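Enquirer: Here is my input, please return the structure:
(chains A and B)
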Amino acid sequence: MNVGLLLVTHRGAASHYPPLLERLLGRVPLPLELFELDFDIDLDAVLPDASGALRRADQGQGVLILTDLYGASPSNLAARLTQLGTPARRVSGLNLPMLLRLCNYPELPLEELALTAVAGGKTGVVLDHA
Amino acid sequence: MLERELTVSNRLGLHARAAARVVNLLSGFQSHATLECRGRSVNAKSIMGVMLLAAAQGTRVTLKLEGPDEAQAMAAAEALFANGFDEQP
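Expert: The predicted structure is shown next:
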């Protein structure tokens, strides 16, 4: 069993990733769930739905939560999800290089997978030429 | 250790899908695999590594393989490169 991924983002910032990954890789090797947030939403009101998504992503090895912007509401919601009892870590700054890197190392345990996400996301930011 | 120079022959170069094909193929072998291009050496089993080569059509890359199945891996990789990653030329 692999760690699950849960993308928690602003509306429209996550839903394009699953079809893109399937197109690029053929299949996504980790459980992948999405939770997109509308603007001006009450975090308390959506916490139950978000925790449902967290539970769907968890196959017993914990969940790596990826969020688009640190400090924004999706990221704040993600922080609360890490406190519900399901082993979970949150990485902010979601990008495609990060997801590709995670799909490259799907068997890693949660802690190492979180570090891999951070490294992958940073590696993918390149000025002009690598 | 086996080392072979391969040419990226497809029109789009080592773009994301082609890189994924290379990584998927080589990940099926035990051998340690690196790709070198313009002085940069990357893990050929890492999609982001291969992407960082940004190898366009016509680029020559060096594949180095080391391990018990290096010959089979090299044959498979050569076929994939020769076939332009199964894409249109």
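
Enquirer: helices or strands up against the worst-scoring helix or strand of chain B on mean pLDDT?
Expert: Scoring the helices and strands of chain B by mean pLDDT, DSSP states H and E places helix B:47-52 at the bottom, with a mean of 92. Applying 3 or more CB pairs under 8 Å, 6 or more residues apart in numbering or on different chains; DSSP states H and E, one finds that helix B:47-52 contacts helix A:96-104, helix A:110-123, helix B:16-27, strand B:40-43. Glycine gets a C-beta too; all of them are placed from N, C-alpha and C.

Enquirer: Mean pLDDT added to the ones you listed, as a markdown table?
Expert: Output for these, formatted as a markdown table (pLDDT from 0 to 100):
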| stretch | mean pLDDT |
| --- | --- |
| helix A:96-104 | 96 |
| helix A:110-123 | 97 |
| helix B:16-27 | 95 |
| strand B:40-43 | 95 |
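
Enquirer: Pick the most deeply packed of those.
Expert: Ranked by mean neighbour count, the helices and strands packed on helix B:47-52 are led by helix A:96-104 with a mean of 23 (mean count of other CB atoms under 10 Å in any protein chain shown).

Enquirer: Which SSE is immediately downstream of the least confident helix or strand of chain B?
Expert: Using DSSP states H and E, the helix or strand that follows helix B:47-52 in sequence is strand B:60-66.

Enquirer: Is that following strand positioned near chain A?
Expert: No. Judged by CB under 8 Å from any CB of the partner chain, strand B:60-66 makes no contact with chain A; its nearest approach is 14.1 Å.

Enquirer: just the angle between the following helix or strand past that strand and strand B:60-66, please?
Expert: Once the chain leaves strand B:60-66, the next helix or strand it forms, by DSSP H and E, is helix B:70-82. Interaxial angle of helix B:70-82 relative to strand B:60-66 (axes from the mean of the first three to the mean of the last three CA atoms, to 10 degrees): 160 degrees.
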